[in-house]
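A.B. asks: Sequence plus predicted model, see below.
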2 protein chains.
Amino acid sequence: MDEIKKYGDILKKNNLKNTKHRNSVIHIIESSNSPITAEEIFLSLKEKGISISISTVYRVLGILVKNRLVVKLNVAEQNKACFEINNKEHKHHLFCVGCKKMIAVDECPIQKYQEILEEKLGFDIKGHKLEIYGYCKSCKEENVVE
Amino acid sequence: MDEIKKYGDILKKNNLKNTKHRNSVIHIIESSNSPITAEEIFLSLKEKGISISISTVYRVLGILVKNRLVVKLNVAEQNKACFEINNKEHKHHLFCVGCKKMIAVDECPIQKYQEILEEKLGFDIKGHKLEIYGYCKSCKEENVVE
DNA sequence: ATTCATGCAAACGGTTTGCACGCAT
DNA sequence: ATGCGTGCAAACCGTTTGCATGAAT
């Protein structure tokens, strides 16, 4: 209820119609603790008894990304896109090569770096994406094999 | 000639057959000053009068990536992979949102950051990808709008 | 001679699109 | 009442694969 209202306002602010599906998709993305794929959203919704077409998922995602409510990520070695809420707080991700999970981290180490590049190359930097990969604690422990 | 010899050695060292196509693909990637797609490689070769199948390009790329001679990149907002020579020196990329070109830069600002994360989260970090986007000098100048 | 690389065409999987219908405004 | 959102199925496009042929060792 409150949720729906909340998203409704966000959508309205962007001149978008406040539909059930848009609210559902935003809700799924927001309540996921890591970036998720379109298909995962689709399945999550199905699990909750919400029937939606995969193409609608993509269309909603497109709109959310265009309106900067959601961020699209392309992870290396993965040929599908992931989506996460754009909660402004600048985030980066650790990607576990073992279990394929992502972990968000808050600190950003490269503000100064960017300034240097801007000056040096005349580049007007709008943002960046940092993706760190390796083995998470549990996968590390399983993989005692060197 | 020398080129072919050079790649031949590299290939041999990896127990790979020294074929004309493999040499050509490596050469194209190496002589490109920014990461390129499989199709771009395919077209570059065609332009040079070298007839190769697109599936061979992909197969060669797969082998080169597996043997760490080449690195595969997945850029956000792009649903195709880019490839570049893995010249060991750690590189990052500026991606121009205007002209879609990539610029490689050498410095890496996040070594220390990684160590902190490893300690804090028990993550075993194997590598990272930093992607910075914005407008390059010339696009910036065209885009005086706003 | 054997093993592996290649071309072709067909399959694949994630994503997009055209069209007819349905819902939010 | 109108315009925009949605479902469906088909198209799309980057990438992969099976199979028969050709080249490198």
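C.D. replies: That came in fine, so what should we check first? From a predicted model like this one, the values you see are computed outputs, not experimental measurements.
A.B. asks: Go ahead and measure how far stretch A:67-76 is from the middle of the chain.
C.D. replies: 5 Å (C-alpha atoms, centre = their mean, to the nearest Å).
A.B. asks: Now that stretch: buried residues?
C.D. replies: A:69-75 (16 or more other C-beta atoms under 10 Å in any protein chain shown). (C-beta placed from N, C-alpha, C; glycine too.)
A.B. asks: same deal with stretch A:19-28?
C.D. replies: A:21-28.
A.B. asks: Please flag which of these sit within helices.
C.D. replies: A:21-28 (DSSP state H).
A.B. asks: ok, and which of those reach DNA strand D?
C.D. replies: Checked against DNA strand D using C-beta under 7 Å from any atom of the strand, these give the following subset in range: A:21-22.
A.B. asks: that older thread, could you redo the buried residues of stretch A:19-28 as CSV and give each row distance to residue B:123?
C.D. replies: Output for the buried residues of stretch A:19-28, formatted as CSV (distance: C-beta to C-beta, whole Å):
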residue, distance to residue B:123
A:21, 36
A:22, 35
A:23, 35
A:24, 33
A:25, 30
A:26, 29
A:27, 29
A:28, 26
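A.B. asks: quick one: which of these is nearest DNA strand D?
C.D. replies: residue A:21 (3.1 Å; C-beta to the nearest atom of the strand).
A.B. asks: do you know how far that closest one is from DNA strand C?
C.D. replies: 9 Å (C-beta to the nearest atom of the strand, to the nearest Å).
A.B. asks: Tell me the secondary structure of the residue nearest the centre of chain A, please.
C.D. replies: A centroid search over chain A (C-alpha atoms, centre = their mean) returns residue A:84, at 1.8 Å, as the residue closest to the centre. Following DSSP: H, G, I helix; E, B strand; the rest coil, we place residue A:84 in the strand state.
A.B. asks: Measure how buried the nearest residue to it once chain neighbours are set aside is and give me the count.
C.D. replies: With sequence-adjacent residues excluded and distances taken as C-beta to C-beta, 6 or more residues apart in numbering or on different chains, residue A:84 is closest to residue A:35, at 4.1 Å. Residue A:35 has 22 neighbours, counted by other C-beta atoms under 10 Å in any protein chain shown.
A.B. asks: Just to check, residue A:35 is in contact with residue A:102?
C.D. replies: Yes: contact criterion C-beta atoms under 8 Å: residue A:35 and residue A:102 qualify, at 5.7 Å.
A.B. asks: Now do the shared contacts for these two.
C.D. replies: Listed as contacting both residue A:35 and residue A:102 by C-beta atoms under 8 Å, 6 or more residues apart in numbering or on different chains are A:82, A:93.
A.B. asks: Quick check: strands, which of the buried residues of stretch A:67-76 are part of them?
C.D. replies: Among the buried residues of stretch A:67-76, the members found in strands (DSSP state E) are A:70-74.
A.B. asks: Which positions in chain A make contact with DNA strand C?
C.D. replies: Residues of chain A lying near DNA strand C (C-beta under 7 Å from any atom of the strand): A:8, A:12, A:17-20, A:37-39, A:54-55, A:58-59, A:62, A:79-81.
A.B. asks: Tell me, please, where in chain A the pLDDT is lower than the cut-off.
C.D. replies: A:1-6, A:76-77, A:88-90, A:98, A:109, A:112, A:140, A:142-146 (pLDDT under 70).
A.B. asks: Do a quick rundown of the strands in it.
C.D. replies: A:36-37, A:70-74, A:81-85, A:92-96, A:102-105, A:124-135.
A.B. asks: Is the longest one in proximity to chain B?
C.D. replies: When you say that, I think you mean strand A:124-135. Yes: using C-beta under 8 Å from any C-beta of the partner chain, strand A:124-135 reaches chain B at A:124-135.
A.B. asks: And that strand, what's buried?
C.D. replies: Here strand A:124-135 shows A:124-125, A:128-135 as buried, counting by 16+ other C-beta under 10 Å.
A.B. asks: what about the strands of chain A, which gets the closest to DNA strand D?
C.D. replies: strand A:70-74 (10.5 Å).
A.B. asks: mind giving me the domain split of chain A?
C.D. replies: Under the assignment automatic domain parsing, the domains of chain A span A:1-87, A:89-146.
A.B. asks: As a markdown table, the ones you listed with distance to residue B:113 would be great.
C.D. replies: As requested, those are arranged in a markdown table below (distance: least, C-beta to C-beta, whole Å):
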| stretch | distance to residue B:113 |
| --- | --- |
| domain A:1-87 | 19 |
| domain A:89-146 | 4 |
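A.B. asks: All set now, cheers.
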